[in-house]
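Peer 1: Below is the structure, and that's it, no one-letter string:
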């Protein structure tokens, strides 16, 4: 099989990767060495030369490498052509490989072959895709930790402990009439509890890992003309949203990705919340409210130079103060509250509602960096600390949670003094679920689902 292994688009270098027993033969047919004394491909060595198609026409000046299995990523013979990164050149190179007997690889097929060859367990294979798609340095470090095998090793160790408990239970189940020493129920409960606590610890790191891996959804909401679009531009560091004094300028939501002090976030600028008869604007308001329901954090943008309105207070109560961070915009304007003005500082009623507020100026940039830092703290601070634990993805977390539920059911069965053969059923189920995390036991449809989400060439 063959595929382009580098990202789409033009670049300095593009790589076409081959895997399978015919890799060296395909490479030999297409590659012409530059050195006159070239005889054979030295393993894991780059050779300079030219790439030709199956008809002998030159395509590019390249570097070629042959890597014999099983000490390769897939465990098979592999080869790579390092071409210039023109999409047209790479397409011609891939077509030439296919004309010589290779076929185009399916999404994730290289990683799937690595898994089937025992080069990676399923957690490591999934970490490959997570590393490729990492939106931030922190997400890349998280994926790299799993790629090293940390999660798989922990899960296998926990499963081994359950298997040992299962073996001791078998004595009582298989030899009920013999006077043999079997595992006391108190020891079984204690051993189960230790494994359950470790699984719960891994599950607790899922929410934090999801935010790091996928990015948080941060929604900017508030009344019209409060400065939501200006604040979005300030957080992005560029002009993305149209800014105007005219009410209702933003009639639909605008979504962009940004790093908030290293944490990837999807920033969504929503339509201003107000009463209107404009059908288009009404639809924008409806979509804005739908986004608020799924937001990890809501930035309530209010005009810091005016008293807090009832609409903003109602939004805080509707969303829940735990998910709201108020941004008092226009901090560059002189203070006008108190004294003869008779106006109330909007920070006071927000504090009374239990809503944290920060003063910012989207125009001057004052407080924007502090806001980004506080967003990160709010998003991650409410979650359990990682404490070095690898963070499972959604599939892994579901299997771990199901295994934990089996162990909770086992402890209830122990308390109810149920027979050992019934207790063993829960242990067997938990062991099977843990094995599914690493792929030691996995249905073919699960594997297809995992690898179908990979990019082609990985």
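Peer 2: Right, received. Where do you want to start? Just so we're clear, the structure is a prediction, and the values are computed from it rather than from any experiment.
Peer 1: can you pull out the helices in the stretch 151-300 of the chain?
Peer 2: In the stretch 151-300 of the chain, the helices defined using DSSP state H, counting those that start in this stretch lie at 185-214, 228-236, 279-294.
Peer 1: Would you reformat those helices as TSV and include mean neighbour count?
Peer 2: Any C-beta I mention is one placed from the backbone N, CA and C, and that applies to glycine too. Output for those, formatted as TSV (neighbours: other C-beta atoms under 10 Å):
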stretch	mean neighbour count
helix 185-214	18
helix 228-236	24
helix 279-294	15
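Peer 1: Looking at these, which is nearest to residue 130?
Peer 2: Residue 130 sits nearest to helix 185-214 of all the helices of the stretch 151-300 of the chain, at 6.0 Å, using C-beta to C-beta.
Peer 1: tell me which element the nearest residue to residue 185 once chain neighbours are set aside falls in.
Peer 2: Take residue 185 and drop its neighbours on the chain: the residue closest to it by C-beta to C-beta, 6 or more residues apart in numbering is residue 414, 5.3 Å away. Using DSSP states H and E, residue 414 falls within helix 394-415.
Peer 1: any idea of the pLDDT on the residue nearest to residue 185?
Peer 2: For residue 414, the model assigns a pLDDT of 90.
Peer 1: That one: neighbouring residues, count only.
Peer 2: 17 (other C-beta atoms under 10 Å).
Peer 1: ok and the helix holding residue 414 relative to helix 185-214, angle-wise?
Peer 2: Using axes from the mean of the first three to the mean of the last three C-alpha atoms, to 10 degrees, one finds that helix 394-415 and helix 185-214 are set 160 degrees apart in direction.
Peer 1: who does helix 394-415 touch, helix- and strand-wise?
Peer 2: helix 122-132, helix 185-214, helix 420-438, helix 444-452 (3 or more C-beta pairs under 8 Å, 6 or more residues apart in numbering; DSSP states H and E).
Peer 1: what residues does it touch?
Peer 2: 123, 126, 151, 155, 185, 188-189, 192-193, 195-196, 199-200, 202-203, 206, 210, 392, 422-423, 426-427, 429-430, 433-434, 436-437, 446, 449-450 (C-beta atoms under 8 Å, 6 or more residues apart in numbering).
Peer 1: tilt between that helix and helix 420-438?
Peer 2: Here the directions of helix 394-415 and helix 420-438 differ by 170 degrees (the same axes, to 10 degrees).
Peer 1: orientation of helix 394-415 relative to helix 122-132 in degrees?
Peer 2: Calculated by the same axes, to 10 degrees, helix 394-415 forms an angle of 140 degrees with helix 122-132.
Peer 1: Would you mark the buried spots in helix 394-415?
Peer 2: 395-401, 403-408, 410-411, 413-414 (16 or more other C-beta atoms under 10 Å).
Peer 1: and if you look at stretch 293-304?
Peer 2: Those would be 295-304, for stretch 293-304 by 16+ other C-beta under 10 Å.
Peer 1: Then stretch 304-317?
Peer 2: If you call a residue buried by 16+ other C-beta under 10 Å, then stretch 304-317 has these buried ones: 304-309, 312-313, 315-316.
Peer 1: what mean pLDDT would you report for that stretch?
Peer 2: 82.
Peer 1: quick one: that stretch to chain centroid distance?
Peer 2: Distance of stretch 304-317 from its chain centroid, counting by C-alpha atoms, centre = their mean, to the nearest Å, is 35 Å.
Peer 1: ok, and what's touching that stretch?
Peer 2: Residues contacting stretch 304-317 (C-beta under 8 Å, 6+ apart): 221-223, 273-274, 292, 300, 302, 324, 326, 328-331, 333, 336, 343-346, 349-350, 353, 355, 359-360.
Peer 1: and residue 76, how many neighbours?
Peer 2: Neighbour count of residue 76, defined by other C-beta under 10 Å: 22.
Peer 1: Leaving out chain neighbours, which residue sits closest to it?
Peer 2: Residue 76 sits nearest to residue 69 (C-beta to C-beta, 6+ apart), 4.5 Å away.
Peer 1: who are the neighbours in contact with the one you found?
Peer 2: Counting by C-beta under 8 Å, 6+ apart, residue 69 makes contact with 75-78.
Peer 1: Could you check the pLDDT of it?
Peer 2: pLDDT at residue 69 comes out at 93.
Peer 1: Please report phi then psi for it.
Peer 2: Per-residue torsions, residue 69: phi -70, psi 170 (degrees, to the nearest 10).
Peer 1: measure it to residue 257 for me?
Peer 2: 39 Å (C-beta to C-beta, to the nearest Å).
Peer 1: could you pull out the strands for the stretch 51-200 of the chain?
Peer 2: In the stretch 51-200 of the chain, the strands defined using DSSP state E, counting those that start in this stretch lie at 58-67, 78-85.
Peer 1: Now mean neighbour count and distance to residue 366 too, for those strands, in TSV please.
Peer 2: Compiled in TSV, the strands of the stretch 51-200 of the chain are given as follows (neighbours: other C-beta atoms under 10 Å; distance: least, C-beta to C-beta, whole Å):
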stretch	mean neighbour count	distance to residue 366
strand 58-67	19	52
strand 78-85	22	42
